[in-house]
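Student: sequence and predicted model, in that order:
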Amino acid sequence: MSQTDNDRHEIRQLVENWALWRDAGDWGRFATVWHPRDGRMSATWFQGSATDFIKASREGFDNGVSILHFLGGHTADVAGDRAIAQTKMTINQRATIDGVEVDVVCTGRFYDFLSRHESRWTIVRRQPIYEKDRLDVVDPAASLMLDPELLNRFPTGYRHLAYLQTKAGFTVKDGLPGLTGTAVEQLYGEGKQWLAEA
């Protein structure tokens, strides 16, 4: 196996560890996937350092916030000690809206800026790309009317997820990357720059 193949294998394992350790509440091992100084996370409800993201995720987990991640296809471009990885994913969040229990499923990609630090790959920056989402009531007999004004405040790629999180008290960031548009084109440009500076 070539060095590039080894790198891609390690990066894929790193991405899988992120999802498994975070969703299981394994915070000690979850902290190891990030670059120890420069790790940063951006999500609908959070933008900041990996350290603060771990703290906020742990507080949510302990308070019953249910957010799970499932991974799909994966690719990684490697340049020396830097890489860009893209991984198909779904974000599944269960919560209650106006007294009705619902599930939101948001489909997209994790877009990761990675670097090799002390001989192992680490995540320097994670920016999800939100492609589309949906909302379902858990009880098929239940019904729920959404506020169209609130729903339409958010981009198509994560409007139901943003609706749920806003109702749950989170401040949701607008203008995050979707399948197409200026934000995702800017992200791709930053990814190319990251590799070019390796």
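Tutor: Sure thing, it's come through.
Student: tell me if residue 143 really is in a strand.
Tutor: No. Counting by DSSP: H, G, I helix; E, B strand; the rest coil, residue 143 is not part of a strand but coil.
Student: now it. Nearest residue, chain neighbours left out?
Tutor: Nearest residue to residue 143, sequence neighbours excluded (CB to CB, 6 or more residues apart in numbering): residue 137, at 7.1 Å. Quick note: C-beta positions are derived from backbone N, CA and C, even for glycine.
Student: so which residue of this protein lies furthest out from the middle?
Tutor: residue 141 (31.4 Å; CA atoms, centre = their mean).
Student: quick check on that one: phi, psi?
Tutor: phi -80, psi -10 (degrees, to the nearest 10).
Student: contacts only, for residue 78.
Tutor: 4, 7-8, 11 (CB atoms under 8 Å, 6 or more residues apart in numbering).
Student: ok now the host helix or strand of it, how far from the chain's centre?
Tutor: If you go by DSSP states H and E, residue 78 is part of strand 66-79. The chain centroid and the centroid of strand 66-79 are separated by 9 Å under CA atoms, centre = their mean, to the nearest Å.
Student: return that strand as CSV; C-alpha atoms alone will do.
Tutor: Only the C-alpha atoms of strand 66-79 are listed here, as CSV (Å, rounded to 0.1, in the frame of the first residue of the first chain):
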residue,chain,number,x,y,z
SER,A,66,-30.2,13.9,20.8
ILE,A,67,-28.0,14.5,17.7
LEU,A,68,-26.7,11.5,15.8
HIS,A,69,-24.5,11.2,12.7
PHE,A,70,-24.3,8.6,9.9
LEU,A,71,-21.6,8.5,7.4
GLY,A,72,-21.5,7.5,3.7
GLY,A,73,-19.1,7.9,0.7
HIS,A,74,-15.7,9.5,1.4
THR,A,75,-12.9,11.0,-0.6
ALA,A,76,-9.6,12.7,0.5
ASP,A,77,-7.1,14.8,-1.4
VAL,A,78,-3.7,14.6,0.2
ALA,A,79,-0.8,17.1,-0.3
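Student: buried sites along the helix or strand following that strand?
Tutor: The C-terminal neighbour of strand 66-79 among helices and strands, as given by DSSP H and E, is strand 82-97. Buried residues in strand 82-97, counted by 16 or more other CB atoms under 10 Å: 82-89, 91, 93, 95, 97.
Student: export those residues as a markdown table, with columns for distance to residue 157 and pLDDT.
Tutor: Formatted as a markdown table, these follow (distance: CB to CB, whole Å; pLDDT from 0 to 100):
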| residue | distance to residue 157 | pLDDT |
| --- | --- | --- |
| 82 | 27 | 98 |
| 83 | 24 | 98 |
| 84 | 20 | 98 |
| 85 | 20 | 98 |
| 86 | 15 | 98 |
| 87 | 16 | 98 |
| 88 | 14 | 98 |
| 89 | 13 | 98 |
| 91 | 11 | 98 |
| 93 | 15 | 97 |
| 95 | 19 | 95 |
| 97 | 19 | 96 |
